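Trainee: Sequence and predicted structure, then a few things I'm wondering about:
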Amino acid sequence: MKRKISRMCMMLIAVMLAATACSSGSGSSTNEEEDWEDGFIEKEPATVQPKTETDDNAKVDNEERVTLTVNYFYENENMLATMKKAAEGYIAKHPGFRIDWKLIDASSSTNVADLIQSSDPHDVFWIPSWLTYQDFVTSGKLLDLSPYQGEMGGDAYYESLASRFTYDGRSYALPVASSSYVIYYNKKLMSGDMAPSLSWTYEDMIRSAKTIMKEQNSAGIVLAGILLQTAGQAYGGEALNTDRTQFELNERYREGLSVMLRALTEDRIDGRAEADWKNGTGFDSSINSDFFEGKVPMMAGYSWQLHDVLQRMPDVDIAPFPAGPAKQQGVGYTDGLAVSTASTHQQEAIELVQYLSGSEEANIVYVNDHYSLPLVLTDQVRAAWRSSFTDPSLAEKLEYIVQTDSGNMYTATAAPGFQNALVQFSNLLISPDKGLISGTRKLDDEFDRAIEKINADWKLEQDKAAKP
């Protein structure tokens, strides 16, 4: 499998996962329940051509054909292929309609104003989760889609994703390309009390990993360092202050980090040798590939890996990230589809965005390809999702996992400059050579000074944004 992933620090783990797959060949409270039953790459720009001429569209020969340009900002050949496949359903219903898919290469630090040149054609922006959505809004590049959101069905599942794209009470994008962190595990190597469950805890995970290491002489869970992103909130802590203008990392947040750090650096549940930690080796690709070869029973990963994992490992199952004393906290990422204020075909662009985000037809494509989670959960989509798996319970588990993503700090809205600050903070946690995951950092004074530096840089961005 060939993937080119964003340069953003929050996606460092995604690079590890992609490398692993290549080498092998291919938050909600635990006491809360939400009723979702009724809710819820190419090197050159590619073009999706309209259907061949038929009697239905022959009448548009003498009419002006509409071409929309969809600008996307990173290369993910599998997700792009899925989006194009979904768009074919819209094209089939609109004779004379065509889409140009245009890549605009970007990193998380790219300035939006520099990124989007006014002379280029812009109709729809496919905004990845790691780009600063607020910058698009404040730059005046995005059309307000609030008047059209009510047409999407309004189910609770969809609204939970769409709420990530509100700014000052207005909606400027609709959700697309959704993914969540999951725990993959090999059912042949784990059974009974050792196997992960929907309600398992950090203590359960660490105990199972240590038992496996002793009995099977292997790593317990590869890429376990990803859990540094969720353990703090699972233990009842918060990384941000109440105004969401600074990182504070209260006592409970640090407790959760400490639990995972001990499991990684002392118990070494991810299979790395002590020397790897001392040398700051953030991950070992040969150990990670052991999961795909059936040597290691568990791996932390993304739901967008499902397609490839299931093809190679028919005996795999999934579980959510474990629960802490306070709640079960997951992390999900969702891209946004927005309409450009510069579009000369705004109505058509709005309709395309609505179709790709909220239509049953598009979402059935997503659930069958397994690269994106569904964005709506109507009865028809849910049935298609269940039937797309040999084991239909995988769909039910994924639906549960998405619910645990609620409230995670990585999709929070905060003061201007938050996305850049979040990148730096994530680097402190999961950078393979500089973060806590590497073993070269500890929760000490040096770590606190790094947090102070992030806050100082963030304050400068807030002050800059406040100037008239």
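Mentor: Cool, got the structure.
Trainee: Can you pull out the residues in contact with stretch 131-143?
Mentor: Defining contact as CB atoms under 8 Å, 6 or more residues apart in numbering, one finds that stretch 131-143 is touched by 73, 106, 108, 110-113, 116, 122, 125, 127, 165, 167, 172-173, 336, 338-343, 346, 350, 413, 416, 418-420, 465. Using the backbone N, CA and C atoms, a C-beta is placed for each residue, glycine as well.
Trainee: Can I have the buried ones of these as a ChimeraX selection?
Mentor: Selection of buried members from the contacts of stretch 131-143 for ChimeraX, criterion 16 or more other CB atoms under 10 Å:
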select :73,106,108,110,112,116,122,125,127,165,167,172,173,336,338,339,340,343,350,416,418,419,420
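Trainee: Sort out for me which of the contacts of stretch 131-143 are in strands.
Mentor: Among the contacts of stretch 131-143, the members falling in strands (DSSP state E) are 125, 127, 167, 336, 338-339.
Trainee: just curious, which of those is nearest to Pro95?
Mentor: Val339 (21.9 Å; CB to CB).
Trainee: my guess is the closest one meets Val124, correct?
Mentor: Yes: using CB atoms under 8 Å, Val339 is in contact with Val124, at 6.1 Å.
Trainee: Kindly point out which residues are neighbours of both of the two.
Mentor: 349, 353.
Trainee: how close does the closest residue to Ala224 other than its chain neighbours sit to Ser393?
Mentor: Distance criterion CB to CB, 6 or more residues apart in numbering; nearest residue to Ala224, sequence neighbours excluded, is Asp270 at 4.4 Å. Applying CB to CB, to the nearest Å, the value for Asp270 to Ser393 is 27 Å.
Trainee: Show me which of the two is the more surrounded one.
Mentor: Set Asp270 next to Ser393 and count neighbours by other CB atoms under 10 Å: Asp270 wins out with 29 against 11.
Trainee: tell me the phi and psi of the more buried one?
Mentor: Per-residue torsions, Asp270: phi -90, psi 10 (degrees, to the nearest 10).
Trainee: Let me see the contact set for it.
Mentor: Counting by CB under 8 Å, 6+ apart, Asp270 touches 219-225, 264, 283, 287.
Trainee: what ranges do the helices span in the stretch 351-468 of the chain?
Mentor: Here the stretch 351-468 of the chain has its helices, by DSSP state H, counting those that start in this stretch, at 360-369, 379-387, 393-404, 418-430, 445-466.
Trainee: Compare those and say which comes out lowest on pLDDT.
Mentor: Among the helices of the stretch 351-468 of the chain, helix 418-430 carries the lowest mean pLDDT, at a mean of 89.
Trainee: Name the SS class of the residue nearest in space to the middle of the chain, please.
Mentor: Nearest to the mean C-alpha position of the chain, by CA atoms, centre = their mean, lies Tyr333 at 2.6 Å. Under DSSP: H, G, I helix; E, B strand; the rest coil, Tyr333 falls in the strand class.
Trainee: Could I get the contacting residues of it?
Mentor: Tyr333 is in contact with 129-130, 178-180, 410-411, counting by CB under 8 Å, 6+ apart.
Trainee: Among those residues, pick out the one closest to Leu429, please.
Mentor: Closest approach between these and Leu429, by CB to CB: Tyr410, at 10.9 Å.
Trainee: isn't the closest one right next to Gly232, touching?
Mentor: No: the criterion here is CB under 8 Å, and Tyr410 misses it with Gly232 at 11.8 Å.
Trainee: which stretches of this structure form strands?
Mentor: Shown for the chain, the strands assigned by DSSP E span residues 46-48, 66-72, 97-103, 124-127, 166-167, 170-171, 174-186, 221-222, 298-302, 316-319, 332-339.
Trainee: Just want the angle from the longest one to helix 360-369.
Mentor: When axes from the mean of the first three to the mean of the last three CA atoms, to 10 degrees is applied, the directions of strand 174-186 and helix 360-369 differ by 20 degrees.
Trainee: before we move on, back to that, where among the strands of the chain is average confidence lowest?
Mentor: The stretch with the lowest mean pLDDT among the strands of the chain is strand 46-48, at a mean of 38.
Trainee: picking that back up, could you say which one of the helices of the stretch 351-468 of the chain comes nearest to Lys214?
Mentor: The closest of these to Lys214 is helix 418-430. By CB to CB, the value is 27.1 Å.
Trainee: Just the C-alpha atoms of the closest one, please, in CSV.
Mentor: In CSV, the C-alpha atoms belonging to helix 418-430 read as follows (Å, rounded to 0.1, in the frame of the first residue of the first chain):
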residue,chain,number,x,y,z
PHE,A,418,-4.9,26.9,18.6
GLN,A,419,-4.2,24.6,15.8
ASN,A,420,-0.5,25.6,15.6
ALA,A,421,-0.3,25.4,19.4
LEU,A,422,-1.9,21.9,19.3
VAL,A,423,0.6,20.8,16.8
GLN,A,424,3.4,21.8,19.1
PHE,A,425,1.7,20.1,22.1
SER,A,426,1.2,16.9,20.1
ASN,A,427,4.9,17.0,19.3
LEU,A,428,5.7,17.0,23.0
LEU,A,429,3.6,13.8,23.3
ILE,A,430,4.1,11.7,20.2
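Trainee: No further questions, thank you.
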